[in-house]
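> I'd like to go over a predicted model; first the sequence, then the structure.
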Amino acid sequence: MLRERSSVCAGLSPRNWCAHLRRPKVRIIRSNSPWTGDNDLLVITDSITPAVGEILLLSGRVLTLSGNPVRNATVEIWQADNTGAYLHPKSMGYQTRDVNFQGYGRFETASSGEYSFRTIKPGLYTGRTRHIHFKIKAAGRPELTTQCYFQGEPRNASDNVLNRIRNERERNAVIASLTPVRDSNIAASAARFDIVLSD
């Protein structure tokens, strides 16, 4: 059983880390509230101007410790735009951020436990490597907040949040591999990030 060493790695199972990359099916879920979001971070509401950046198809499953899918789990993500700015007035670069980037997404899992997002590879900002924040909520289970990192990033070695995870296996569990999407005419990448919730 994986112990909760930090909020960064809590609940992730090494046996499910970032395996079996494949092209996810993007299911667009729209909402009237600007803070509930949807799973397509490239386009805000009905805008025809997409966000700027390297396209990333991010998917995975929310699972129990025994490997069963978690239905109706809410998966929320938030991240910096391609310049490293968050959708928050106190973020560095907020005034010059990409106003076409949604910055926040939300997805509710079906019976398979699957989630998927269409986003961009997050930009860099001072002191951090590339990462995407996750929050997972499921009835009857503790809420989980974690981060997804990317293999091969030069700043991974110096990121003080990632490196708080002392156990190498647990640290590797929060690092996803990027794979080029076959036949993509926009050089999109895909990453798979499975999440295991504690009971």
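That came through, no problem. These numbers come from a predicted model, not from an experiment.
> all contacts plus neighbour counts: C-alpha atoms, from now on.
OK.
> So what sits opposite the residue most central in space within the chain in the bridge?
Centroid-nearest residue in the chain, with C-alpha atoms, centre = their mean: residue 132, separated by 4.5 Å. For residue 132, the beta-bridge partners under DSSP bridges are residue 148.
> From residue 185, how far out is it?
Noted for residue 132: a distance of 24 Å to residue 185, by C-alpha to C-alpha, to the nearest Å.
> Enumerate every residue touching residue 80.
86, 87, 103, 122, 123, 124, 132 (C-alpha atoms under 8 Å, 6 or more residues apart in numbering).
> how close does the fourth one sit to residue 195?
In this case it means residue 122. Taking C-alpha to C-alpha, one finds residue 122 at 20 Å from residue 195.
> With the second one instead?
Residue 87 sits 25 Å away from residue 195, taking C-alpha to C-alpha as the criterion.
> Give me the more crowded residue out of these two.
Using other C-alpha atoms under 10 Å, the more surrounded residue of residue 87 and residue 195 is residue 195, with 32 against 21.
> Now do the same for that one: its pLDDT.
pLDDT for residue 195: 96.
> Residue 185 now?
Per-residue pLDDT puts residue 185 at 86.
> And for residue 47, the neighbour number?
Look at residue 47: counted by other C-alpha under 10 Å, it has 9 neighbours.
> how close does it get to residue 198?
Taken as C-alpha to C-alpha, the span from residue 47 to residue 198 is 39 Å.
> same check, this time on residue 138
Residue 138 is 11 Å from residue 198, by C-alpha to C-alpha.
> And residue 78, by the same measure?
Residue 78 is 22 Å from residue 198, where distance means C-alpha to C-alpha.
> With residue 133 instead?
Note on residue 133: its distance to residue 198, by C-alpha to C-alpha, is 18 Å.
> between these two, which one's more packed in?
residue 198 (20 against 16).
> which residues does the more buried one contact?
Per C-alpha under 8 Å, 6+ apart, neighbours of residue 198: 11, 64, 65, 141, 142.
> now, among those residues, which is nearest to residue 156?
Each of those was checked against residue 156 using C-alpha to C-alpha; the closest is residue 11, at 20.7 Å.
> end to end, how far does stretch 192-199 reach?
Stretch 192-199 end-to-end distance (C-alpha to C-alpha) = 23 Å.
> ah, wrong one, I meant stretch 116-126
End-to-end distance for stretch 116-126: 28 Å, by C-alpha to C-alpha.
> And for residue 57, the neighbour number?
The number of residues packed near residue 57 is 25, by other C-alpha under 10 Å.
> again, but for residue 73
Residue 73 has 23 nearby residues by other C-alpha under 10 Å.
> and what of the one 10 residues further on?
Neighbourhood size, residue 83 [other C-alpha under 10 Å]: 18.
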